[in-house]
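> sequence first, then the predicted structure:
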Amino acid sequence: MKLLVINGPNLNLLGTRQPEVYGTTTLKDVEDACVAHGAAAGIDVACFQSNSEGALIDAIHAAKADCDGIVLNAGAYTHTSIALMDAVSSVELPTVEVHLSNIHAREPFRHKSYLAAVAVGQIAGFGLQGYLFAIDALSQRLNGSS
Ligand code: CA2
């Protein structure tokens with residue numbers, strides 16, 4: 001099984017600014033933890049980050065060739081991008097939407113997610129751990145045990 005973990009705009013800055021909102025975990029910490037968590041369960045985890053909407057869409061399209069599922073933190077594009085929603089919908093790969101922060105406890109503009117309608121589920125508010133929950137959820141779903 002192979003999963004792709006995608007992080008969107010500004011998440012490359014994790015751990016460098018706004019620690020009160022996003023903690024001190026860096027993007028490398030997140031990606032390393034996802035790879036290690038996957039490896040422990042025999043899952044190949046690849047990681048991708050971009051600040052560009054088009055590059056994120058291209059990565060989702062490319063995943064169709066060799067991935068079984070997607071963990072997606074689309075950052076602020078979550079709240080704005082019908083194009084990303086269409087990309088997720090078009091590849092028909094099970095996708096779990098992840099957010100480090102609890103977007104529903106923040107500003108009203110963060111409560112809306114275009115991705116939620118096409119994701120198998122959403123995990124928000126658990127920091128780095130949320131990505132690992134998403135890997136477990138996809139693993140169980142793909143193995144037919146949930
Ligand atoms: O909570 C999340 O994971 C978000 O997807 C993060 C996005 C935000 O726009 C979403 O509403 C919720 C922002 C990521 C920005 O990350 C930064 C990290 C460090 C310093 C500044 C921004």
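The structure has been received and is ready for your questions. Residues are numbered from 1 along each chain as shown.
> can you name the residues bridging to the spatially most central residue of the chain?
In the chain, the residue lying closest to the centroid (C-alpha atoms, centre = their mean) is residue 72, at 2.0 Å. For residue 72, the beta-bridge partners under DSSP bridges are residue 6, residue 97.
> swap in residue 44?
Bridge pairing for residue 44 - DSSP bridges - gives residue 2.
> from residue 67, how far off is it?
9 Å (C-beta to C-beta, to the nearest Å). All C-beta spots, glycine's among them, are computed from the backbone N, C-alpha and C.
> the more surrounded of these two?
residue 67 (19 against 14; other C-beta atoms under 10 Å).
> what segments of the protein are strands?
Listed in chain order, the strands of the chain (DSSP state E) span 2-7, 44-49, 69-73, 95-99, 121-124.
> relative to residue 57, which of those is closest?
Distance to residue 57, taken as C-beta to C-beta, is lowest for strand 2-7 among those, at 10.3 Å.
> got the angle between the closest one and strand 95-99?
If you take axes from the mean of the first three to the mean of the last three C-alpha atoms, to 10 degrees, strand 2-7 sits at 30 degrees to strand 95-99.
> okay, and the common contacts of residue 44 and residue 67?
2, 3 (C-beta atoms under 8 Å, 6 or more residues apart in numbering).
> which outside residues touch the helix or strand bottoming out on mean pLDDT in the chain?
Within the chain, no helix or strand scores below helix 19-22, which has a mean of 86 by mean pLDDT, DSSP states H and E. Under the criterion C-beta under 8 Å, 6+ apart, residues 14, 15, 100, 101, 127 lie in contact with helix 19-22.
> which two in the residues you listed are spaced the farthest apart?
15 and 101 (14.0 Å).
> enumerate the residues of this structure near the ligand.
Applying C-beta under 6 Å from any ligand atom, we find that the chain lies next to the ligand at 10-11, 13-14, 17-18, 22, 73, 75-76, 78, 99-101, 103, 110.
> let's see 5 Å
Within the chain, the residues that sit near the ligand (C-beta under 5 Å from any ligand atom) are 10, 13-14, 17-18, 22, 73, 75-76, 99-101, 110.
> are any of those buried, and which?
14, 22, 73, 75, 99, 100, 101, 110 (16 or more other C-beta atoms under 10 Å).
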